[in-house]
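> below are the sequence and a predicted model; questions follow.
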Amino acid sequence: MTAIYRRELKAYFQSMTGYVFIAFMVLFIGIYFMAYNMMSGYPYFSYTLSGMVTIIMIGIPVLTMRSFADDRKTKTDQLLLTSPVSVAQMVLGKYFSMITVYAIPVLLSGICPLIIKLNGNANLKADYASLLAFFLLGCVYIAIGMFISSLTESQIIAAVGTFGIILLLLLWPSLVGFLPTSAIGSAAGFLILWSGIVFAVSRITSHGPLAVVLEAAGVLSIAVLYLVKKDLFERALTNVLEKIAVTDVFQNFASHYIFDAGGLVYYISIIFLLVFLTVQSIEKRRWS
Amino acid sequence: MIEVRNLVKDYGGHLAVDHLSFTINDGQIYGFLGPNGAGKSTTMNIMTGYIGATEGDVLINGHNILEDGEEAKKCIGYLPELPPLYVDMTVEEQLQFAAELKKIPKKDRNEAVNEVMELAKLVDVKGRLIRNLSKGYRQRVGLAQAVLGFPPVIILDEPTVGLDPKQIIEIRDTIRRLGQNHTVILSSHILSEVSAVCDHIMIIDKGRLIASDTPENLERQMAGTAGMELLVKGTKEQILEILEAIPQASDVSVQESEEGINRASFRISTEPEEKEEEEDIRETIFFAFADQRLPILSMQTTKVSLEEVFLELTGEGTAEVIETGESLETDDFKGEPAEVNFIEEEEDGEGDEES
């Protein structure tokens, strides 16, 4: 794992991607910091970080796009996969190298709250907690980008796909507002969701009977629940789907100054899930 | 020892490997021979754990590559069709990285890297970026990477493809040297290449093993389909008359190539068993023409191309002598590479990677 980690890290700084990414991040942190904190005199650095959430949406796909797509295209994955290194170690090595590159501008921005402190009142605890949440949010985005990159050979598709998904996650809280809140609407929504999951399962396992059984079980349980306890479905769809909005956790830190420990655990769980999915996607490619 | 049992690889309805089984013993050089798309690379990719198999098992020194991958992969050095090199690294960095991946202990790493750089003659280019290396050098880096740490089994997928004759000879020599104390498996679609290097040949077609024998035995089988081509100063009738008197020559055809010079081609139909005792047919032909005072301007043996051997082996058609323009395939009978005299001309053929 350390071999892959070091090679990837070196590659980021040999191919300019690393420098460009860091320069890009530092430039925009600087601009937001100057505009919000220096010129407008707002004492919270977390406000600057809120602005940065849209900026990493552009930066992170550039960082993650080549992670697996490039290996697959140049066939260097043959070296990695035929070496005595497990796929999980390979994925983690690459993931940690990307996190390291991302951590550099985040660490550099750690100076900003101190600059505010030098000029008057600062809220160091809130700011550094926000910085931690911002870092983990970036790690979630990197995991998304890595997963998308493992699905394709094309760096462009990987970058655009990652950008699209991060944008969707950013818009998610507003999008959820359009969902029906009535019980019957929620039940229908769950049915559609469940059918989608079953469809995906049947495509991956290509096991027809299993899909039929799953679908029947899902429909039946939703129908029974709806008939027995109708009020359970009031706003249920919105409540469930709201949870996907990963930026909400960061906003708790940055706007409401709440240390949302559960949210951080949620971030880490998503990262685990995506790393797991990346391993699975590589394994699947080998076996098909 | 490598055991391949009932291997199947199904690419969505197309069987790339079709119930393939064989055993590879230690300390020999094995050659996979087959036309393009025969399943050689797929088999090698499965054997090295790059891709999974639809069915079947591969045991490398008792470790199943599909289940106990890490242990099995430690026993293998692999050079795929396209050397898997990171173009943004230098030769030395690449090899250091590979050594680390192969879990060579840190204290032995420098020594191991230097050793393979010597072996593949890479010392001069060790500081160069792989991006700037020519195909031949990249192939050598790939080879060095495969033999790094000297694993007991070395698998090379078409190691000489795209190289100039001098490099081909160098790589063959390296492979022969490695074969002295390693098991080497290499694939090729060039018959002479495999017969020049390997102790044992396995012919694969359409994912199935159709022949597995020593090169001597296979060559004997194929000798019945070798042919010869002559350039003789004389009339068509004279040549036909002489050649028809020689019992081994069949399917004689004569074409006029220049004024008074005819090109004759025919098959040599030796019975495989008789080959040993028999005198060289070239002598017979020479004296036959000399007796008639017809000068032979050139004489060339043509071997059947691999495709013809396949047709022969799979019984799908009749073998036919075809002339191949490639120097590699028009070896003479003894299997000595005919391209030896290229060396002088190709001496400076490596200058292209300077750019």
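Alright, I've got the coordinates.
> contacting residues for residue A:102?
Residues near residue A:102 by C-beta atoms under 8 Å, 6 or more residues apart in numbering or on different chains: A:21, A:60, A:63, A:135, A:138-139, A:142. Placement of C-beta: from N, CA and C, glycine included.
> swap the cut-off to 10 Å and go again
If you count contacts by C-beta atoms under 10 Å, 6 or more residues apart in numbering or on different chains, residue A:102 has them with A:18, A:21-22, A:25, A:56, A:59-60, A:63-64, A:135, A:138-139, A:141-142.
> look up phi and psi at residue B:210.
Main-chain dihedrals, residue B:210, degrees, to the nearest 10: phi -110, psi -20.
> where's residue 285, which helix or strand?
Since you didn't name a chain, this refers to chain A. Residue A:285 belongs to helix A:261-287 when assigned by DSSP states H and E.
> wait, chain B
helix B:281-291.
> and what of residue A:193?
In this structure, residue A:193 sits in helix A:183-205 according to DSSP H and E.
> can you pull the poorly scored residue ranges out of chain A?
Chain A contains no residues with pLDDT under 70.
> which bits of it sit near chain B?
A:1-4, A:6-8, A:10-11, A:14-15, A:70-71, A:74-87, A:89-90, A:283-288 (C-beta under 10 Å from any C-beta of the partner chain).
> now with 7 Å, please.
Proximity of chain A to chain B is confined to A:3, A:7, A:11, A:14-15, A:75-76, A:78-79, A:81-86, A:286-287 under the rule C-beta under 7 Å from any C-beta of the partner chain.
> can you give me the helices for the stretch 101-250 of chain A?
Using DSSP state H, counting those that start in this stretch, the helices found in the stretch 101-250 of chain A span residues A:111-118, A:124-151, A:155-176, A:183-205, A:208-228, A:236-242, A:247-254.
> elements contacting the shortest one?
The one in question is helix A:236-242. Contacts defined by 3 or more C-beta pairs under 7 Å, 6 or more residues apart in numbering or on different chains; DSSP states H and E place helix A:236-242 against helix A:155-176, helix A:183-205.
> rebuild those helices as JSON lines, extending it with distance to residue B:49.
Shown next, in JSON lines, are those (distance: least, C-beta to C-beta, whole Å):
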{"stretch": "helix A:155-176", "distance to residue B:49": "25"}
{"stretch": "helix A:183-205", "distance to residue B:49": "23"}
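> among these, which is the most enclosed?
Each of the helices and strands packed on helix A:236-242 was scored by mean neighbour count; the highest is helix A:155-176, a mean of 17, by mean count of other C-beta atoms under 10 Å in any protein chain shown.
> can I get that one in CSV, CA atoms only?
Taking Å, rounded to 0.1, in the frame of the first residue of the first chain, the C-alpha atoms of helix A:155-176 are listed here in CSV:
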residue,chain,number,x,y,z
GLN,A,155,-10.6,10.8,-17.5
ILE,A,156,-13.1,13.2,-19.1
ILE,A,157,-16.1,11.1,-18.3
ALA,A,158,-14.7,10.6,-14.8
ALA,A,159,-14.3,14.3,-14.2
VAL,A,160,-17.7,15.3,-15.7
GLY,A,161,-19.4,12.5,-13.9
THR,A,162,-17.9,13.4,-10.5
PHE,A,163,-18.7,17.1,-11.1
GLY,A,164,-22.3,16.2,-11.9
ILE,A,165,-22.8,14.1,-8.8
ILE,A,166,-21.2,16.6,-6.5
LEU,A,167,-23.4,19.4,-8.0
LEU,A,168,-26.5,17.2,-7.5
LEU,A,169,-25.5,16.7,-3.9
LEU,A,170,-25.1,20.4,-3.5
LEU,A,171,-28.6,21.0,-4.9
TRP,A,172,-30.1,18.1,-3.1
PRO,A,173,-31.6,20.0,-0.1
SER,A,174,-33.6,22.2,-2.5
LEU,A,175,-34.5,19.3,-4.8
VAL,A,176,-36.0,17.3,-1.9
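> so how far is it off the chain centroid?
Relative to its chain's centre, helix A:155-176 lies at 10 Å (C-alpha atoms, centre = their mean, to the nearest Å).
> tilt between it and helix A:247-254?
Counting by axes from the mean of the first three to the mean of the last three C-alpha atoms, to 10 degrees, helix A:155-176 lies at 70 degrees to helix A:247-254.
> pick out the residue of the stretch 151-288 of chain A closest to chain B.
For the stretch 151-288 of chain A, the residue closest to chain B is residue A:287, as judged by C-beta to the nearest C-beta, at 3.9 Å.
> who are the contact partners of that residue?
Neighbouring residues of residue A:287 by C-beta atoms under 7 Å, 6 or more residues apart in numbering or on different chains: residue B:52.
> repeat for residue A:222
So residue A:222 contacts A:187, A:190-191 (C-beta under 7 Å, 6+ apart).
> where does residue B:84 sit: helix, strand or coil?
Of the three states, residue B:84 takes coil under DSSP: H, G, I helix; E, B strand; the rest coil.
> phi and psi next, for the nearest residue to it once chain neighbours are set aside.
Leaving aside its chain neighbours, residue B:84 sits nearest to residue A:79 (3.8 Å; criterion: C-beta to C-beta, 6 or more residues apart in numbering or on different chains). Main-chain dihedrals, residue A:79, degrees, to the nearest 10: phi -70, psi -50.
> hang on, residue A:79 packs against residue B:83?
No: applying C-beta atoms under 7 Å, one finds residue A:79 not in contact with residue B:83, separated by 8.7 Å.
> okay, the helices of the stretch 101-250 of chain A in TSV with distance to residue B:91 next?
Converted to TSV, the helices of the stretch 101-250 of chain A look like this (distance: least, C-beta to C-beta, whole Å):
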stretch	distance to residue B:91
helix A:111-118	41
helix A:124-151	27
helix A:155-176	25
helix A:183-205	41
helix A:208-228	51
helix A:236-242	53
helix A:247-254	45
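> among those helices, which is nearest residue B:136?
helix A:155-176 (28.6 Å; C-beta to C-beta).
> show me what that closest one is packed against.
Judged by 3+ C-beta pairs under 7 Å, 6+ apart, the packing partners of helix A:155-176 are helix A:45-64, helix A:66-74, helix A:124-151, helix A:236-242, helix A:247-254.
> any chance of those in CSV, with distance to residue A:277 and mean neighbour count too?
Output for the helices and strands packed on helix A:155-176, formatted as CSV (distance: least, C-beta to C-beta, whole Å; neighbours: other C-beta atoms under 10 Å in any protein chain shown):
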stretch, distance to residue A:277, mean neighbour count
helix A:45-64, 14, 22
helix A:66-74, 12, 21
helix A:124-151, 5, 23
helix A:236-242, 20, 17
helix A:247-254, 20, 22
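> outline the domain layout of chain A.
A:2-174+A:244-287, A:183-234 (automatic domain parsing).
> can you redo those as JSON lines with distance to residue B:20?
Listed next are the domains of chain A as JSON lines, based on distance: least, C-beta to C-beta, whole Å:
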{"stretch": "domain A:2-174+A:244-287", "distance to residue B:20": "18"}
{"stretch": "domain A:183-234", "distance to residue B:20": "25"}
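> out of those, which gets nearest to residue B:87?
Among the domains of chain A, domain A:2-174+A:244-287 comes nearest to residue B:87, with 7.4 Å by C-beta to C-beta.
> end-to-end on that closest one?
End-to-end distance for domain A:2-174+A:244-287: 26 Å, by C-alpha to C-alpha, to the nearest Å.
> same check on stretch B:185-203?
13 Å.
> residue 214 - how many residues pack around it?
Picked chain A for this. 18 (other C-beta atoms under 10 Å in any protein chain shown).
> right idea, wrong chain: chain B
14.
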